[in-house]
Every structure is written in structure tokens, then in C-alpha cells.
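[1] need a structure here:
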Amino acid sequence: MAISDKYRNYLAHFGATRPCRDALALPAGEPAILLRHDVDHDLDIALEMARVEHDAGFGSTYFLLHTAAYWNDPALADKCLQLQDYGHEVGLHVNLLTEWMRGEIDDPAVRLRELLAPLRARGVRIDGISAHGDRACYERNFINYWCFRELRPADPAADEDGRTAEGPRDITHRSRVAYPAGHALARADGRTLPLWSVSMAEAGIAYHAWHLPCDQYFSDSGGGWTRSADPLGADLSRGRHQVLMHPLYWQGRKRTYFFLSTARSGSKWLARFLDAATPLAVRHEYMLNQAYFDGEASDKQTAAYGRLAADRDRVGRLLADAWERRDRVDKDYAEVNVYLESQPDLLRSYFPDARYVLLTRDPRQVVRSIVNRGWYETPVDLAHRAVDAPEWAAQGQFGRACLYVADTLRRLRGLCSDHIRLEDATADLAGLTRRLEALGIVVHPRLAAAAHGQVVDPTGKFAFPRSEAWTPEQGAAYARFCGPQAAALGYDGGAAASAASPAAAAAAPPAAPPPPEILHDGPPPPAARWRLHGYRAEPGAPDACIAPTPDNLARRHATLGGYPWQPGVARAGRRRLWRIALDRLHTLGARLAARAARIAGGAAPPAGWPARPGTWITGGVQAELTGRGRVALYLLGFDGRSNRLIQKKMLGVLTAERGSLEIACRVHPDADRFDIAFYSLLGEPAAIAVSGLTLRQEPMPQAYSALEVS
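    Next comes the predicted model:
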């Protein structure tokens, strides 16, 4: 559990606790300990504390802060209801005068009603409030409960001066708020606000926590018992006592979990479930891609995972950075990732105390899904890991998919000590809950029920058939490569349709292919230089033009062909106008969101090179970029008869630091022409000069035609 054992010692000392609301109905003189939590920062930690109390039979009140980041969580109401399901009370941690002093609101009474209405409409009962001790209270001298009429003492200047922002006086006399003259607050814009002017009763509020009568008040504000005595040393068996404990201060040792799998095994579903239903800080495929998550769209390391997986030093540097970032997360952490299998020993060396959990899906379904996703569709696949196995070179797409799945499962079985099957997890919420709680992860029932049935990232189109319809050769390849791992994980080891011998899985050595056809080698014709940039359109700007539609762009494309043309093609989007200005236009890529300039392959529709069946495209591009912009390289496939775009495949991203890209791709089987496009990504302007372009169209090896899948 993330809640420390020390907190459980306090619960044992208390014996029993009640929510603050119960004080309103308790008979006079009846002893009670009112346990209260002001949730200043993290609602998920509070939920885990609430579960600990629920399991131990304790009741308490959680006052939620409306100026905290979690207040904007779409699941806020559901988390409040989960607190109520655990038998606790939900209250409001008011920071109204802070909002008023900052100029964020003008009427605290209206703001209070706005805060309460949506939660109450969802069934959250809110009877009580507690004042938040914001730093601004000490800087500007006010206490957040001073706005409430029912809390006004007979002599506010005498009674309220010198208190802490929570209400009680600090026994150290270090935290003090001065009461203002004139019973009013003033802010920088000259507006004033009379104190004691908001009615609690009109808002349906029955009490303020600190004003509930009690014999002793204890508070851990500031992270320790500095403003009051420590209740652990007090006799609480008689009388009425109120104890304030902030959940953030009662966390245990941080724990780290890795849920690792092959691709297409439900990792995104599990990440979303854990994020919604547990207190964990959850990331999906974050490690190795930290810069990408920081907003550097061009720096997604796993976009070329085939290269990354083989670069041990680079993986080590990324894991070192990930370790530092995880160390700054002050709560339990879970990483759900399909890429960390490449260097399992490095991963364990950086996170030796982590818990490693293997997430699996029926390997037959995984193979089918990744083939449908186009993995290994060419002999060189920069985006996916190659397997170091003697059979690799002789295999086509299907065989390589099987080898990847088998090799990844083998690696992860050696790393992980726990195992969750996707089929079991999605079919049985109670069973999944038991498995996670056996790992020490709290699962909140209400939140889990809402998240469990969600479908995430399904494969939309299945051109490749189910295993029952695989050919005997495919079934034998699967049985040979994946069968042992599948059986060890509790899945059927072979394909039902397979009757061929395992030897049939190995393709015959490919015959020597004919030499590749060199489509282009050298500077693009003509030399391509252009600026791809965005600007805010000004009325009457001389180079602004009407945002093009697909129809008029097609007409412009047909008319202008490969001749020089003045700059100014533009597209309106999100209040910005994006423009491509070319020194010399060769071909206008009208089909790529009106922001692509196709630089090679022909002058007029149908543009590009002929795409020949049974081939793949290799080569590279070299360019120089200035500025911080990013330019994506795309493969475009066309139906030559109608010039209709039927394929748009991203090949990589060029930046000022990364000016060259390898090309290894396959044109869609239905396309009979293809072209290369440069596409300006949203962001900073970029100026690009393409200095070299090499393209070759090569015959596919025999193994790929023998087990053709698309």
C-alpha cells in the first residue's frame, strides 16, 4: 500500500473515528474522534487512504480543494461517489477569498453555488466545509471562512486577529493572520469585499469543520505536529476530539510497477484501466519517449524502434533519464510498455526494486493483429525490432511476426515474476481486481466498473484471416516459432488449421533477385528549396489567399503542373493560416491536407512513379533545415486512373538536428503509382533544402511472395 504503516499506527491508537458531519447529531457529552482530511494536492492518494480506513472500519471526512488541479478531473464526481461508497463524507475545502483576492471571481456566493451544484446533481452529498490555509492568506491577511455570515463572532477584531489560516492559533506563534480594519478586504484593482457576507445556509452548508465544538484539536499542517500536540501521545478515550491529517504526508515507500507485453496485447487498455481505477501514476509507453511526451513531436524514439532496440548505449541513456523522471513522481508509479523488452537486463539494472508483470494475449491473435498492422511488410523494417535468430533472413512477413512474438515472450518471461492474461482480465473484473490487489495495488470498485468495459484501439480492418483459416505453411510456422511460448503461458501451442510438418515453416532459400530499378539518385529535379511555416492571417495581407478545397486544389494541380508558380497556397486551421512558399514548384501535393509539396516523380497527374506489384521501395533523403520546425516525410500511393490518394504512410521526421532519413516501405497493393511528400508539422516554422534523394524499387524476396498476406 502507498499509505504508510505509521498511519495505521494512528488508526490503532484512535480505535474508532467518525466523519465530521456526525458531530451535528451526537448527543451532548458522547465521546468521539472526528477524523478529517484536507486534500490539498492529490485526490488519488486520498482515495487510497479512504480504502485503508474503509477496510479497517473507520469513517472520516475528505474536504476537496476546488483550486487544486484534480478539481478539473473528468472523473471528479465518480471519485467523490467512491469516497461515499467507502462510508466517508465529502466536504468542500474552501478557497473562495483566495480566488477573489486574485481577481478570478467577483462574487464568492455565486462561486460557491457553482462549485456545489454539479457534484450534488451527481449524488454527492456535501454538508460541510473547511477553510484552506492558502499561502495568500498569510501574504494578504485573510482567512477563507471570514466570508461566511454564520461564523462571525461578536467581536471579530478581537477574536480573529492572530489566528492561523485554518482557524486555531499556532502554539509556536509563527503562523498568524492579522484581521483587517473595516471588516473588509481590498484587492489590487480597487474592489472591496465586505467580510461575513455569504450565507452558508443558503448554499445548503451545515457546518465549518474547525467551528465544531471539541475538547482537543490536532493538526499535521506543514507536515508535522508543529501547530498542535501529537494525538499519538494523547488520551483520546474521553471527550470529543478533531484530528486533521493531510493524506500527502502519510505515504509509504514509493513502488514502481512495469506491465510489459508484446505489441497488440491490450497494453493501452490496461494503462487506461489502471489510470482510472487505481491510485497509481500511470504512463503508457512513456519510457524511451520522454522528449516526445514533453512536446517534441519529432523525437519519438520508438518511431524507428528497429534501430533503437539494437542501440544498447542509447537505450541506456534514455533509461537513465527515465529513472530521474520517475524519481520526481511522489507516488506509486506504473509503466505499461511494449518497447522495454529490447534490453531487459538494462531495465532491471535501473529499476531493481520494481515489480515486473507480464501482460499476454493469445499469441495467435497477436500475430494476426500485427500482420494486419503492416509489420515486417518489407525485408527491412525500421519501425520494428528484428530478431537475432538464424531463421530470420529466410522468413517473410508472417514468419517474422511469429518470431517477434515468440522472442518477446521469451525475453519477458525471463524478466517478469507475475502474469496477467488479457482474455482473463477483460472477461472477469473481480479476478483482475484480485490479481492487482495481490500485487499491492488498490482497485476502487466504482471506478473499476466504469473503466473495465471500455474498448481501446481496436484493429479496424482485418485483411489477414483468423488462425482457423491460415494455410498449412502458416500454421506450421506459428507452431514452430510460437508454440512453446504459447503453451508455457497457458495458450494452445499451435494453429488449429495446421497439419504440415514444422519443417514446412522454413522457406526455401530465396533465388537471387533481379537488380533493383533505380528511380532516382542525386539532387531532386529541380533542386528543392522551400519554407514551410505558419503565420496569423492579417486582413488584406498581400500573400494570403482563399483556403483551398480538394476540388480547387486538384484544378490548380492540373493547371500548374511542374511550372514555376507564385507562393501563397494556404489553409485555414485553428485560427491560423498555414502556407507553403516554394521558390520553384515542381508538383503540388494537394492531397496531403494542402500542406505537402511533392518534389519528384512527374509534372502533372497522374504524378509519381509506377508502382510494380511484388516490389518494395528503398533509399534515403538528405536535407538541411533551419529553424525549429519539423518536416515529415510521407509515402503517397495513388490509383493512377482516377489519381485518387489511397495510401498515406509516414516514413519519418526531418529536423535541423536530424537531416537524413532511410526509406524502406511498401506501396499499397491497390496503388499503381506512388510519390514522396514533405509535410510541415504544426509548430515552429521550418526552411528546408533537399540536397539528395535516392529511391530504388526492388523485387520482394521469395519468402514474402510464398506467404503473401495482403
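[2] May I ask which helix or strand encompasses the residue lying closest to residue 492 once chain neighbours are set aside?
    Excluding its sequence neighbours, the residue lying closest to residue 492 (C-beta to C-beta, 6 or more residues apart in numbering) is residue 486, at 6.6 Å. To be clear about C-beta, it is placed using only N, CA and C from the backbone, and glycine gets the same treatment. In the assignment (DSSP states H and E), residue 486 maps to helix 483-488.
[3] From residue 63, how far off is residue 152?
    Distance of residue 152 to residue 63, given as C-beta to C-beta, to the nearest Å: 21 Å.
[4] should've said residue 103
    Distance of residue 103 to residue 63, computed by C-beta to C-beta: 25 Å.
[5] Quick one: list the elements packing against the longest strand seen in the chain.
    Ranked by number of residues, the top strand in the chain under DSSP state E is strand 686-699. Helices and strands touching strand 686-699, by 3 or more C-beta pairs under 8 Å, 6 or more residues apart in numbering; DSSP states H and E, are strand 517-522, strand 528-535, strand 615-626, strand 673-680.
[6] Between residue 152 and residue 63, point out the one with more neighbours.
    Legend: neighbour count by other C-beta atoms under 10 Å for residue 152 and residue 63, higher for residue 63 (25 against 17).
[7] Low-confidence stretches in the stretch 501-650 of the chain?
    For the stretch 501-650 of the chain, the stretches flagged by pLDDT under 70 are 501-514, 520, 522-607.
[8] go with 50
    501-508, 510, 525-605 (pLDDT under 50).
[9] One more: the chain?
    Along the chain, the model assigns pLDDT under 50 to residues 495-508, 510, 525-605, 707-710.
[10] okay, now the domains of it?
    Using automatic domain parsing, the domain parsing of the chain gives 5-21+31-250, 256-505, 517-706.
[11] What is the neighbour count of residue 353?
    9.
[12] That one in helix, strand or coil?
    Following DSSP: H, G, I helix; E, B strand; the rest coil, residue 353 is assigned to coil.
[13] How much space separates the residue nearest to it when sequence neighbours are not counted from residue 370?
    What sits nearest to residue 353 in space, not counting adjacent residues and going by C-beta to C-beta, 6+ apart, is residue 256, at 6.9 Å. Distance of residue 256 to residue 370, computed by C-beta to C-beta: 28 Å.
[14] out of all of them, which helix in the chain is the longest?
    Secondary structure assigned by DSSP state H gives helix 397-415 as the longest helix of the chain.
[15] Mind giving me the packing neighbours of it?
    helix 344-350, strand 355-360, helix 363-372, helix 472-481, helix 483-488.
[16] Can you add mean neighbour count and distance to residue 175 and give those back as CSV?
    Shown next, in CSV, are the helices and strands packed on helix 397-415 (neighbours: other C-beta atoms under 10 Å; distance: least, C-beta to C-beta, whole Å):
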stretch, mean neighbour count, distance to residue 175
helix 344-350, 16, 42
strand 355-360, 23, 41
helix 363-372, 24, 59
helix 472-481, 24, 68
helix 483-488, 17, 61
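[17] and of these, who's closest to residue 48?
    In terms of C-beta to C-beta, the element of the helices and strands packed on helix 397-415 nearest to residue 48 is strand 355-360, at 16.7 Å.
[18] Neighbouring strands of the closest one in the sheet, and parallel or not?
    Sheet pairing of strand 355-360 (DSSP bridges) gives strand 256-260 (parallel), strand 418-421 (parallel).
[19] Minimum distance to residue 318: which of those strands has it?
    Among the strands paired with strand 355-360, if distance is taken as C-beta to C-beta, the winner is strand 256-260, at 14.8 Å.
[20] what's next to the helix or strand following the closest one, contact-wise?
    Sequence order places helix 267-277 as the next helix or strand after strand 256-260, per DSSP H and E. For helix 267-277, contacts defined as C-beta atoms under 8 Å, 6 or more residues apart in numbering pick out 75, 259, 261, 280, 282-285, 334, 336-338, 359, 420, 422, 425-426, 436, 441, 443-444, 447-448, 450-452, 454-457.
[21] So which of those belong to strands?
    Per DSSP E, the contacts of helix 267-277 map to strands at 259, 282, 283, 284, 334, 336, 337, 359, 420.
[22] From residue 155, how far out is the fourth one?
    Counting by C-beta to C-beta, the separation of residue 284 from residue 155 is 58 Å.
[23] and those two? which has more neighbours close in?
    Neighbour count, other C-beta under 10 Å: between residue 284 and residue 155, residue 284 has more, with 20 against 9.
[24] nearest residue to that one other than its sequence neighbours?
    Using C-beta to C-beta, 6+ apart, the closest residue to residue 284 is residue 271 (3.7 Å).
[25] and the gap between that neighbour and residue 265?
    Taken as C-beta to C-beta, the span from residue 271 to residue 265 is 12 Å.
[26] Looking at these two, which one has more neighbours?
    Neighbour count, other C-beta under 10 Å: between residue 271 and residue 265, residue 265 has more, with 27 against 23.
[27] Which residues are in contact with the more buried one?
    338, 359, 360, 361, 366, 422.
[28] where's the fifth one relative to residue 177, distance?
    Per C-beta to C-beta, residue 366 is found 62 Å from residue 177.
[29] which residue ranges form the helices in the stretch 51-200 of the chain?
    76-85, 96-101, 108-121, 135-140, 156-160 (DSSP state H, counting those that start in this stretch).
[30] what's the closest of those to residue 490?
    That would be helix 76-85 among those, by C-beta to C-beta, at 33.2 Å.
[31] what's that closest one packed up against?
    By 3+ C-beta pairs under 8 Å, 6+ apart, helix 76-85 packs against helix 43-56, strand 61-65, strand 89-94, helix 108-121, helix 445-452.
[32] can you redo the ones you listed as a markdown table with distance to residue 237?
    Shown next, in a markdown table, are the helices and strands packed on helix 76-85 (distance: least, C-beta to C-beta, whole Å):
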| stretch | distance to residue 237 |
| --- | --- |
| helix 43-56 | 18 |
| strand 61-65 | 21 |
| strand 89-94 | 23 |
| helix 108-121 | 36 |
| helix 445-452 | 34 |
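[33] Identify whichever of those lies nearest to residue 475.
    That would be, of those and by C-beta to C-beta, helix 445-452, which comes in at 33.6 Å.
[34] who's in contact with the closest one?
    Contacts for helix 445-452 (C-beta under 8 Å, 6+ apart): 75, 78-79, 81-82, 85, 272-273, 276-277, 426, 429, 432-433.
[35] Show me which of these are buried.
    Among the contacts of helix 445-452, those classed as buried by 16 or more other C-beta atoms under 10 Å are 75, 78-79, 81-82, 272-273, 276-277, 426, 429, 432-433.
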